[in-house]
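Trainee: Next input, structure requested:
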Amino acid sequence: MDKAIKKGVKWLFGISLGFILLLAIAGIILPETFKSLGTWGDFFGGVANPLLTFLTFIAVLVTVWLQHEELGLSRKELSRSADALERQIESLHKQNFENTFFQMLSIHNDIVNSIDLASSGKPNQYGRDCFSTFYTRLTKLFRDEEKRKQLLSTTCFPELIRISGEIISQSSDTITDIYSGLFYS
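Mentor: Numbering: from 1, shown residues only. So this is what the prediction gives:
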């Protein structure tokens with residue numbers, strides 16, 4: 001509580017206590033005066049009671065209205081928080097996608113750089129340089145007229161797998177390990 005409110009409550013309590021003590025002392029000293037004040041007390045209680053009840057009812061209505069206003073403000077704030085959370089989730093999904101994508105690119109580059117091709121009588125090839133040799137070997141196999149007609153006349157996927165297997169078998173063990181799961185899984 002605020003210091004001013006605490007101070008005001010203490011003063012109100014002190015004044016009320018003093019008034020009650022003053023009435024008690026006056027009742028002991030002047031009992032006849034208090035007997036005649038009975039009818040006046042009934043009148044005052046009869047008028048003040050409905051008035052205080054009405055003021056209490058108005059206070060309850062004001063309290064309900066203030067709570068309604070606060071609830072409306074809370075709903076707006078909650079809506080803004082939900083929107084911010086939604087934007088944060090979208091950003092997180094985008095960030096996860098980008099992270100996964102770049103991780104996959106990194107793995108792809110590691111795989112490509114780890115390829116080595118040892119051919120008899122030729123210098124070893126590493127990384128991306130191996131793909132030109134793979135392309136040359138594939139075109140040699142595909143240029144064979146009989147194999148090409150067979151591929152074009154039938155479903156070519158099984159034949160491509162067979163040709164790929166031949167290329168892989170001519171290559172080093174590294175390429176076999178990397179690509180065998182792709183073609184034979």
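
Trainee: where do the helices sit along the chain?
Mentor: Using DSSP state H, the helices of the chain run over 3-29, 31-114, 129-143, 145-153, 157-170, 173-184.

Trainee: Next one: the residue located most distally from the centre of the chain from Ala26, what distance?
Mentor: Most distant from the centre of the chain: Glu32, at 77.1 Å, with distances by CA atoms, centre = their mean. Glu32 sits 11 Å away from Ala26, going by CB to CB, to the nearest Å. C-beta coordinates here come from the backbone N, C-alpha and C atoms, glycine included.

Trainee: Low-confidence stretches in this structure?
Mentor: For the chain, the stretches with pLDDT under 70 are 1, 120, 141-142, 145-161, 164, 167-185.

Trainee: Centroid-nearest residue for the protein?
Mentor: Geometric middle of the chain (CA atoms, centre = their mean) lands on Ile89, at 4.8 Å.

Trainee: which residues touch that residue?
Mentor: Counting by CB atoms under 8 Å, 6 or more residues apart in numbering, Ile89 makes contact with nothing.

Trainee: quick one: it from Asn96, how far?
Mentor: Distance from Ile89 to Asn96, by CB to CB: 10 Å.

Trainee: TSV please, covering the helices of the chain and showing distance to Gly121.
Mentor: Below are these laid out as TSV (distance: least, CB to CB, whole Å):
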stretch	distance to Gly121
helix 3-29	97
helix 31-114	23
helix 129-143	13
helix 145-153	26
helix 157-170	14
helix 173-184	18
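
Trainee: which one of those lies closest to Lys122?
Mentor: Nearest to Lys122 among the helices of the chain is helix 129-143; the distance by CB to CB comes to 8.6 Å.

Trainee: what angle separates the closest one from helix 31-114?
Mentor: Going by axes from the mean of the first three to the mean of the last three CA atoms, to 10 degrees, helix 129-143 is angled at 60 degrees with respect to helix 31-114.

Trainee: so how far is helix 129-143 from its chain's centroid?
Mentor: Relative to the centre of its chain, helix 129-143 is centred 50 Å away, using CA atoms, centre = their mean, to the nearest Å.
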